[in-house]
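1. Just the structure for this:
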Amino acid sequence: MNKILVIVAHADDEAIGCGGTLLKHRDNGDIIQIIYMTNGVSARSTLTDVKEQAEIDNRLNSQQQVCQNLTVDKYHNYDFPDNKMDQVPLIDVTQAIEKIINCFQPNIIYTHHGGDLNIDHRIVHQAVLTACRPQPNSSINCILTFEVNSSTEWSSNSIGDDFTPNYFVDISNVANEKNHLLTYYQQEMRDFPHSRSIKAINVLNQWRGNQVGIKRAEAFMLIRMLN
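-> Here you go, the predicted model:
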């Protein structure tokens, strides 16, 4: 049995980036916890206070339903500033993550790719690697980063390294369940051909699968693995 910790900037990143993989962990009886670093809403300056709170509540409700479907053991909500995590000292973000790691003692970590366009994704990536620096007796033996539609592929190598996957998970048998998870975040989805549409996410999973000779896959960059 594995202990899985997913660390994301916003609720919906987990479903888009590794929802199928988490469904497989669930079916394998693994223990899953998720850290959400921001509310994912407060950067939307056009919202009134009332509408902003309504959207926050709606997103929290979506998150709760996704976690319930994934049989998540526990999820943690932090309140770092949405799309402004670069304004927070990195040590504060790192220590918040370390607190959960020290308590939960996960052995597999999933988080954002360090070259994403979204600044929160990049800060979370850096904080995770800092929190997971190799230490004697560390529980962590695997760190994987995933891609998120409308952030990873919209970036440029002038920001960070390209996403070049070297680890693939076959999600063919749970693809329909992944789509079900995405529908909980329907308010965050866009109409096709926007890349953050359910159809585009499916197309990406099909393409990643075709790269390794299967129907559908989620792709990752393996940062570190200890056997």
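2. name the helices or strands packed onto the lowest-mean-pLDDT helix or strand in the chain?
-> Lowest mean confidence among the helices and strands of the chain (mean pLDDT, DSSP states H and E): helix 49-69, at a mean of 86. The elements that helix 49-69 packs onto, with contact taken as 3 or more CB pairs under 8 Å, 6 or more residues apart in numbering; DSSP states H and E, are helix 13-27, strand 74-80, helix 175-184. From N, CA and C alone the C-beta is placed, and that goes for glycine too.
3. In contact with the nearest residue in space to Val212 that is not next to it in sequence, which residues?
-> For Val212, ignoring the flanking residues on the chain, the nearest one in space by CB to CB, 6 or more residues apart in numbering is Phe168 at 4.8 Å. Contacts for Phe168 were tallied using CB atoms under 8 Å, 6 or more residues apart in numbering; they are Arg208, Gly209, Gln211, Val212, Ile214, Ala217, Glu218, Ala219, Phe220.
4. Report the residue spans of the chain with pLDDT below the cut-off.
-> Within the chain, the stretches with pLDDT under 70 are 40-50.
5. tell me the centre residue of it?
-> Glu14 (3.4 Å; CA atoms, centre = their mean).
6. contact partners of stretch 95-106?
-> 3-5, 7, 33, 35, 37, 74, 76, 78, 80, 127-128, 131-132, 139-140.
7. got it, and stretch 119-135?
-> 7-10, 13, 37-38, 80, 82-86, 88, 90, 93-98, 101, 109, 111-116, 138, 140, 143, 145, 148, 151, 159-160, 223-224.
8. among the residues you listed, which are in strands?
-> Ile7, Val8, Met37, Thr38, Phe80, Ile109, Thr111, His112, Ile143, Thr145, Ile223, Arg224 (DSSP state E).
9. Just the buried residues from those, in PyMOL please.
-> To isolate the buried subset of these in PyMOL, counting by 16 or more other CB atoms under 10 Å, use the following:
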select buried, resi 7+8+37+38+80+109+111+112+143+145+223
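10. how close does the residue nearest to the centre of the chain sit to Ser155?
-> 19 Å (CB to CB, to the nearest Å).
11. before we move on, what about Ile201?
-> In terms of CB to CB, Ile201 sits 17 Å off from Ser155.
12. Point me to the helix or strand that includes Trp154.
-> Here Trp154 sits in a region with no helix or strand, counting by DSSP states H and E.
13. still on that earlier bit, how about the residue nearest to the centre of the chain, what does it touch?
-> Val6, Val8, Leu22, Ile34, Val66, Tyr110.
14. I'd like the distance between it and Ile34.
-> 6 Å.
15. intersection of neighbour lists for those two?
-> With CB under 8 Å, 6+ apart as the test, Glu14 and Ile34 both reach Val6, Val8.
16. Report the contact partners of Phe31.
-> Rather than Phe, residue 31 is Ile. Per CB under 8 Å, 6+ apart, neighbours of Ile31: Met1, Asn2, Lys3, Ile4, Asp73.
17. Need phi/psi at it.
-> For Ile31, the backbone dihedrals are phi -90, psi 130 (criterion: degrees, to the nearest 10).
18. Not counting its neighbours along the chain, what's nearest Asn179?
-> Ile198 (6.1 Å).
19. go on, Asn39?
-> Ile56 (5.0 Å).
20. The one you found: neighbour count?
-> 17 (other CB atoms under 10 Å).
21. Against Thr38, how distant is it?
-> On the measure of CB to CB, Ile56 and Thr38 end up 10 Å apart.
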